[in-house]
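Asker: Dropping the sequence and predicted coords here.
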Amino acid sequence: MPADQERKGGMESQMEVAEKAHAIIMENLERHITIAELSQMLHASPTQIKSCFHKVYGLPIYTYARSQRMAAASKLLSGTDESILEIAGKFSYENGSKFARAFRNVMGVSPSEYRRRILWERENGADLEDD
């Protein structure tokens with residue numbers, strides 16, 4: 001096999017591993033999937049999974065997964081009246097302060113501040129439209 005075809009095959013394989021890992025993460029946002037679990041599911045080494053994922057998505061796998069969980073949590077914060085602790089529990093955070101810390105690290109504000117801002121924007125946006 002020519003070297004360029006071999007390299008292309010390697011890139012496709014990396015892409016495939018990364019995309020499969022991505023799909024598993026997105027289908028399981030409610031829980032923390034470990035690299036060991038991904039390794040078993042994908043029949044690939046933990047190092048290979050981490051490397052392929054980072055090359056394709058530009059972020060370490062745990063950083064990416066956490067940002068996706070927090071994005072999903074932000075939708076619940078803005079679209080439901082569920083308590084912050086209930087939302088934290090939906091994403092496998094048994095401790096509200098750990099959820100709040102993770103949310104702040106990703107979103108830049110605490111979950112309660114995020115919800116307050118969304119409500120304020122809705123209220124004031126509606127007032128501005130009425131004028």
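Answerer: Looks like it came in fine. Numbering: from 1, shown residues only.
Asker: Following element in sequence after the helix or strand hosting residue 22, please.
Answerer: Per DSSP states H and E: residue 22 is located in helix 3-27. With elements assigned by DSSP H and E, the helix or strand that comes after helix 3-27 is helix 35-42.
Asker: Please pull out the lowest mean pLDDT helix or strand from the chain.
Answerer: The weakest-scoring helix or strand in the chain, judged by mean pLDDT, DSSP states H and E, is helix 3-27 (a mean of 75).
Asker: who's in contact with the nearest residue to residue 41 once chain neighbours are set aside?
Answerer: Once flanking residues are discounted, residue 41 sits nearest to residue 24: 6.2 Å by C-beta to C-beta, 6 or more residues apart in numbering. C-beta: built from backbone N, CA, C; applies to glycine. Contacts here follow C-beta atoms under 8 Å, 6 or more residues apart in numbering; on that basis residue 24 touches 33, 38, 41, 42.
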